[in-house]
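A.B. asks: Need a 3D model of the sequence below.
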Amino acid sequence: MMIKKLMVLLLIAVLVAGLVACTPVQKSNDQAEEKPLTTEGPYKGFANPQAVITPQELKEIMEQANVRIVDVRNRAKYLLGHIPGAVNTYRSDYGDPNNQYDGMRATPEQMEKLLGKLGISEDTLVVIYGDSGFHDACRFWWLLDMYGHKKVRVLDGGLEAWKAAGYETTLSQPTIKETTYKIKKVDESKLATVEDVLAAMKDDNVIILDTRSYEEYTGEKMKKGAVRAGRIPGAVWVEWTEALDDQKSFKNYDELKKLYESKGITHDKTIIPYCQSAVRSSHTTFVLTQLLGYKNVKNYDGSWIEWSHRDDLPLETGE
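C.D. replies: Numbering: from 1, shown residues only. Purely as a prediction, here's the structure:
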């Protein structure tokens, strides 16, 4: 009897061991290997997924010597807390104080001086972040891209996404070793002038894209710096925020594609985005070129500030 019980227990043990051996082992969250999110999930299909970076990816590379994190929020916000190791610059730093219109791009010489001051070399990977939809980050990206610095990534979701991921901020400011930066070539194909916009008004193959709020587009609202309210005649309206989801991160490829194509903004056209001072339109320029792969996008740097100051230029108001 005792032998039979032992045999039954042994058989049960063998069966249990077999079941355990056949059951797949699932890794815990700590053990699971994290896949680069710039090639999977919401970034799948993006034309240049390496143009964006997640907080998780930034956390992994931020200590590398050739990485410079740039906070483009105003100085007061930066001093209240920022990503460890980040240096700070703001719109006035990369604008041209000698230009008659506020917010116009810095000259190559001015940008060289600024980048050197920030400790950026030609081979530095620059990771830019801001907040409130991170349009300022895209403005700084646009300047770097036009001035030939290709190793640039924008933190998707900005500082809010960094905090939401559970990562710390700091009050400590890094010591900066200044560099000598040299811009070798300026790509003006990424830039639209007043003359380009005037020509576009007569060209069915060019779309002028207003990225401001609806109230600015209709002329109900005018921001400080402009002197006339309204829009450039014939402009199509897609507010820049439409490219963001509820978490203020980029929408996925299919959503973005549908958004712009539904307004006739297609790959076969040349697109000229504008806003008040080419900051919000830089965000749209980033979305169209880096995420959707549009080849002919020219950001109108003067935007509504310049256009509104020119009495010789036409405008429209209303719906």
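
A.B. asks: what comes up buried for the host helix or strand of Lys258?
C.D. replies: Taking DSSP states H and E as the criterion, Lys258 maps to helix 253-261. Neighbour-count burial for helix 253-261 flags Tyr253, Leu256, Lys257, Leu259, Tyr260 (criterion: 16 or more other Cβ atoms under 10 Å). Just so you know, the C-beta spots here come from the backbone N, C-alpha and C atoms, and that holds for glycine as well.

A.B. asks: do the same with stretch 171-186
C.D. replies: For stretch 171-186, by 16+ other Cβ under 10 Å, it's Thr179, Tyr181, Ile183.

A.B. asks: Give me the distance between the two termini of it.
C.D. replies: 36 Å (Cα to Cα, to the nearest Å).

A.B. asks: any idea of the mean pLDDT for that stretch?
C.D. replies: The pLDDT scores in stretch 171-186 average 96.

A.B. asks: Distance from that stretch to the middle of the chain?
C.D. replies: For stretch 171-186, the gap between its own C-alpha mean and the chain's C-alpha mean amounts to 20 Å (Cα atoms, centre = their mean, to the nearest Å).

A.B. asks: same question, stretch 295-309
C.D. replies: 18 Å.

A.B. asks: From the opening residue of that stretch to its closing one, how far?
C.D. replies: 30 Å.

A.B. asks: cool, stretch 72-84 as well?
C.D. replies: End-to-end for stretch 72-84, by Cα to Cα: 14 Å.

A.B. asks: And stretch 205-220, by the same measure?
C.D. replies: Stretch 205-220 has its terminal residues 29 Å apart, counting by Cα to Cα.

A.B. asks: cool, stretch 199-214 as well?
C.D. replies: 24 Å.

A.B. asks: Please apply the same query to stretch 312-319.
C.D. replies: Terminal-residue distance, stretch 312-319 (Cα to Cα): 23 Å.

A.B. asks: related to what we said a few turns ago, tell me the one of the buried residues of stretch 171-186 nearest Val194?
C.D. replies: Closest to Val194 out of the buried residues of stretch 171-186 is Ile183 (24.0 Å), distances taken as Cβ to Cβ.

A.B. asks: On the three-state scheme, the closest one is what?
C.D. replies: Here Ile183 is coil, with the state taken from DSSP: H, G, I helix; E, B strand; the rest coil.

A.B. asks: could you say which helix or strand contains Ala161?
C.D. replies: Using DSSP H and E, Ala161 falls in helix 158-164.

A.B. asks: Contacts for the helix or strand that comes right after that helix, please.
C.D. replies: Downstream of helix 158-164, the next assigned helix or strand under DSSP H and E is strand 191-192. Identification of contacts with strand 191-192 by Cβ atoms under 8 Å, 6 or more residues apart in numbering yields Arg105, Met146, Ala200, Ile272, Tyr274, Lys298, Asn299, Tyr300, Asp301.

A.B. asks: Give me the subset of these lying in strands.
C.D. replies: Ile272, Tyr274, Asn299, Tyr300 (DSSP state E).

A.B. asks: What is the burial count for Gln247?
C.D. replies: 11 (other Cβ atoms under 10 Å).

A.B. asks: Same check on the one 3 residues further on?
C.D. replies: Burial of Phe250, expressed as a neighbour count using other Cβ under 10 Å, amounts to 24.

A.B. asks: What is the end-to-end distance of stretch 237-251?
C.D. replies: Per Cα to Cα, the first residue of stretch 237-251 is 18 Å away from its last.
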